[in-house]
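Asker: Predicted coordinates and the sequence they were generated for:
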Amino acid sequence: MVKLRLYLTPEQERILTGQGHSARALWNLLHQWFSFHAPQRWPSITEADEVIRQARREIEWLSLLPAQACQQVLKQYVRAWQAARRGASRRPHFHSRARTRLSIDVPQAGAMKIALLNRRWGEANLALVGRVRFRYSRDLPGFGGQAPAGRLTGARVVRESDGWYLAFRCAFQRETPAPRSHPGPAVGLDRGVAVPIATSAPDKPYVTHGPWLHPKETERLRRLERKAARQRRSAQRGRPTSKRLQRTYAQLAEVRGREKRRRADWHHKVTTELAEQFGLIGAEELNVRAMTASARGSVDRPGRGVAQKTGLNRAILGEGWSRVLAMLEYKAVERGGVVVRVPARNTSLRCSACGEVDAKNRKSQAVFECTNPECGYGPVNADVNSAYNIKTDAVHAIEWPHGTASLTALGSRVDGRSAPAWRRRRPRRWLWPNRQPNRVVTVRMTMREGSPEDSSGRLHNYFPAKEDLFMDRSQELVDRQGSRPPPTTRCPV
C-alpha cells in the first residue's frame with residue numbers, strides 16, 4: 001500500500017465528507033438489517049445488493065455515494081462477519097459519527113486515470129468528485145522510469161486528523177526468496193514498557209525511543225483534554241455537539257495524530273533493521289487484549305488499583321506490541337527470514353544460563369539474579385535475560401517442530417509447560433553423546449551462534465548443530481570438578 005496526501009478544494013472536501021458519511025450510514029443500515037434477520041436467516045449478498053440498488057434510487061443522500069463504493073461497503077461488512085466467525089476479530093458494530101474514520105473505496109484503479117504532472121505532483125479522477133491532486137512523495141508501481149515493477153489494483157480515500165489521503169493498493173513484482181534462506185543469526189525479542197524492545201544481541205541489547213510527544217506538546221494535549229471535559233459538562237444532554245467542542249476535538253485529533261505517525265515511523269524503522277540483520281526472530285505469543293483488560297470489576301466485586309492498571313494499559317497500548325510483531329512477520333518473509341512465536345510462560349523467571357525457574361530470580365522489575373547456588377548468573381537486566389530465553393525456545397521450536405525438544409531443552413518446554421521438578425532443583429548433568437561416554441558435564445547455556453558461512457546442514461546457515469546446543473555462551477564447558485564460571489557483567493540499570 002502506498003499512501004499519498006491529497007490537496008483538495010473546499011468543494012471537493014465537502015463532497016468527500018458527504019460520501020464518507022453516506023458509506024458510514026450504509027454500514028449501519030446493513031448492520032441493523034443483518035442483526036434483525038440473525039440468526040434465523042441471513043440475507044444473501046445478491047439480495048442485499050438489489051436492496052442497495054433500490055435504495056440508491058429512492059434515498060437522496062445514498063445516491064451521493066458511487067455504486068461501486070456501495071458494493072464495497074457490502075463486501076467489507078460480509079468479510080467482517082466472516083473474520084468474526086473465524087475468531088480473527090470482533091463482531092461488526094455500529095459506526096459512530098464522531099469516532100469513525102471516514103473512507104470511500106475505489107475498487108478499479110483504471111477508472112482513476114492517474115497522471116504524473118512532475119516529479120512531485122500527480123492527479124487522479126474520483127467518481128462524483130472530479131480531478132484531484134495528490135503529492136507524489138512515493139513511487140507508484142508502473143509510473144516513471146525508476147518506479148518498482150507492478151500495477152495498481154485499487155485505492156481508498158481516507159480522512160485522517162491532518163487531512164485527506166489516497167491509499168493505493170499495489171501488486172509489486174518481486175522475487176520472493178526461499179524460506180529460511182536469510183544468512184543472519186538468530187535473535188530473541190522481549191517487548192516491554194520500561195524497555196520497548198530488549199534483544200539477545202550482545203552489540204545492541206536495548207532498542208529504545210524517546211517520548212512520542214515533546215514536553216510542550218504533552219502540555220497542550222492535557223490542556224485540550226481538560227478543555228473538552230469542561231465543555232462536555234456544560235453541554236445539554238440530547239443536543240448536538242457545539243462547534244466549539246467540535247473544534248476542540250479536531251485539535252485533540254491533530255496532536256494525537258502526530259503521536260500516531262511518529263510511533264508508526266519508529267516501528268517501521270526498527271522492524272526493517274531487525275528483519276535485515278537477523279534470519280530467525282523469536283518473540284513471545286502475548287494476548288495483548290487480555291493483558292490490557294480493565295480492572296474496574298463489577299458492582300458486587302469492585303476491582304483494586306484501577307487507576308494504576310489504567311496507566312499500565314495505556315503504556316502497553318502506546319508501545320504497539322501487536323503492530324511490531326505483525327510488521328516483523330511480513331518483512332522477515334520478504335527477506336527470507338522467519339519469525340517464531342514462543343510461549344511466554346516462565347521466560348521472565350527462567351535463568352538463561354542454567355534453566356532454573358524461580359519467582360525469586362526477579363529481584364525487581366529490571367534486575368534478574370539466579371538463585372541457584374551452583375550457577376550465580378547475574379545480576380543482569382531482566383528483559384535481556386528473557387530475550388535469551390526466547391531465542392533458545394525459538395531455535396528449539398525450529399529444530400524440533402513436533403515438541404521433542406522437551407527432552408533436551410533447558411528450562412520450560414516448547415509447548416509452554418515447565419520442566420519437571422527433578423530437573424529444576426539441581427544442576428543439569430548430561431551424558432555427552434559420541435565423545436566421552438563416561439564423562440558427565442554441567443552446562444550453563446543451551447546454544448551459541450552458528451556460522452553464517454556454514455550452509456551444509458538443513459538449517460545450519462544460521463543454526464548450530466545439535467551437539468553445539470549445549471555449549472556455553474562463552475564457548476566453554478564447565479566440568480563437574482572444574483572451577484566456577486567467571487562472573488557476568490553487572491546490570492546496566
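Answerer: Looks like it arrived, so ask away. Residues are numbered from 1 along each chain as shown.
Asker: pretty sure residue 263 is in contact with residue 317, am I right?
Answerer: No. Counting by CB atoms under 8 Å, residue 263 stays clear of residue 317, with 10.5 Å between them. Backbone N, C-alpha and C define where each C-beta goes, glycine included.
Asker: Have a look at the two and say which one is more surrounded.
Answerer: residue 263 (16 against 13; other CB atoms under 10 Å).
Asker: Ramachandran coordinates for the more buried one?
Answerer: phi -60, psi -50 (degrees, to the nearest 10).
Asker: Residue 81 is in contact with residue 92, correct?
Answerer: Yes. Between residue 92 and residue 81 there is a contact at 6.2 Å, judged by CB under 8 Å.
Asker: Among these two, which residue is more densely surrounded?
Answerer: Using other CB under 10 Å, the more surrounded residue of residue 92 and residue 81 is residue 92, with 19 against 16.
Asker: give the contact list for the residue lying closest to residue 117 once chain neighbours are set aside.
Answerer: Leaving aside its sequence neighbours, residue 117 sits nearest to residue 123 (CB to CB, 6 or more residues apart in numbering; 6.3 Å). Residues in contact with residue 123, defined by CB atoms under 8 Å, 6 or more residues apart in numbering, are 114, 115, 117, 131, 132, 133, 134.
Asker: partners of the fourth one in the sheet?
Answerer: The residues paired with residue 131 through beta bridges, assigned by DSSP bridges, are residue 125.
Asker: wait, isn't it in contact with residue 124?
Answerer: Yes. Using CB under 8 Å, residue 131 makes contact with residue 124 at a distance of 7.5 Å.
Asker: Same drill for the two, tell me which one is more crowded.
Answerer: Ranked by neighbour count (other CB under 10 Å), residue 131 and residue 124 place residue 124 first, with 22 against 11.
Asker: Could you verify my assumption that residue 13 touches residue 164?
Answerer: Yes. If you go by CB under 8 Å, residue 13 and residue 164 touch, sitting 6.9 Å apart.
Asker: Who has more neighbours out of these two?
Answerer: residue 164 (21 against 17).
Asker: Can you tell me how far residue 250 is from residue 98?
Answerer: 11 Å (CB to CB, to the nearest Å).
Asker: neighbour count winner among the two?
Answerer: The residue with more neighbours, out of residue 250 and residue 98, is residue 250; 11 against 8, by other CB under 10 Å.
Asker: Not counting sequence-adjacent ones, nearest residue to the residue most central in space within the chain?
Answerer: Central residue of the chain (CA atoms, centre = their mean): residue 323, 1.5 Å from the mean position. Spatial nearest neighbour of residue 323, excluding adjacent residues (CB to CB, 6+ apart): residue 267 at 5.7 Å.
Asker: any weak-confidence spans in the stretch 201-350 of the chain?
Answerer: Of all residues in the stretch 201-350 of the chain, none has pLDDT under 70.
Asker: ok, which stretches of it are helices?
Answerer: Secondary structure of the stretch 201-350 of the chain by DSSP state H, counting those that start in this stretch: the helices cover 215-234, 243-277, 288-291, 306-319, 321-334.
Asker: related to what we said a few turns ago, I'd like the distance between the residue nearest to residue 323 and residue 166.
Answerer: Noted for residue 267: a distance of 22 Å to residue 166, by CB to CB.
Asker: Looking at the two, which is more packed in?
Answerer: Between residue 267 and residue 166, counted using other CB under 10 Å, residue 166 has the larger neighbour count: 22 against 19.
Asker: May I ask you to confirm that the more buried one belongs to a strand?
Answerer: Yes. Residue 166: assigned to a strand according to DSSP: H, G, I helix; E, B strand; the rest coil.
Asker: Give the bridge partners for it, please.
Answerer: Beta-bridge partners recorded for residue 166 (DSSP bridges): residue 4, residue 157.
Asker: In contact with it, which residues?
Answerer: Applying CB under 8 Å, 6+ apart to residue 166 gives the contacts 3, 4, 5, 6, 124, 132, 134, 155, 156, 157, 158.
Asker: List buried residues within these.
Answerer: Of the members of the contacts of residue 166, the ones counted as buried by neighbours, 16 or more other CB atoms under 10 Å, are 4, 6, 124, 132, 134, 155, 156, 157, 158.
Asker: Would you list the phi and psi of the second one?
Answerer: The phi and psi values for residue 6, taken as degrees, to the nearest 10, are phi -100, psi 140.
Asker: who touches the closest residue to it other than its chain neighbours in this structure?
Answerer: Closest residue in space to residue 6, ignoring its immediate chain neighbours: residue 164 at 4.2 Å, by CB to CB, 6+ apart. Residues near residue 164 by CB under 8 Å, 6+ apart: 5, 6, 8, 13, 16, 157, 158.
Asker: repeat that for 10 Å
Answerer: Each residue near residue 164 by CB atoms under 10 Å, 6 or more residues apart in numbering is listed here: 5-8, 12-13, 16-17, 20, 102, 104, 132, 134, 157-158.
Asker: from the residues you listed, which is closest to residue 71?
Answerer: Within the contacts of residue 164, the smallest distance to residue 71 is 12.3 Å, found for residue 104 (CB to CB).
Asker: That closest one touches residue 155, doesn't it?
Answerer: Yes. Between residue 104 and residue 155 a contact is recorded at 9.4 Å, counting by CB atoms under 10 Å.
Asker: overlap in contacts of the two?
Answerer: Shared contacts of residue 104 and residue 155 (CB under 10 Å, 6+ apart): residue 126.
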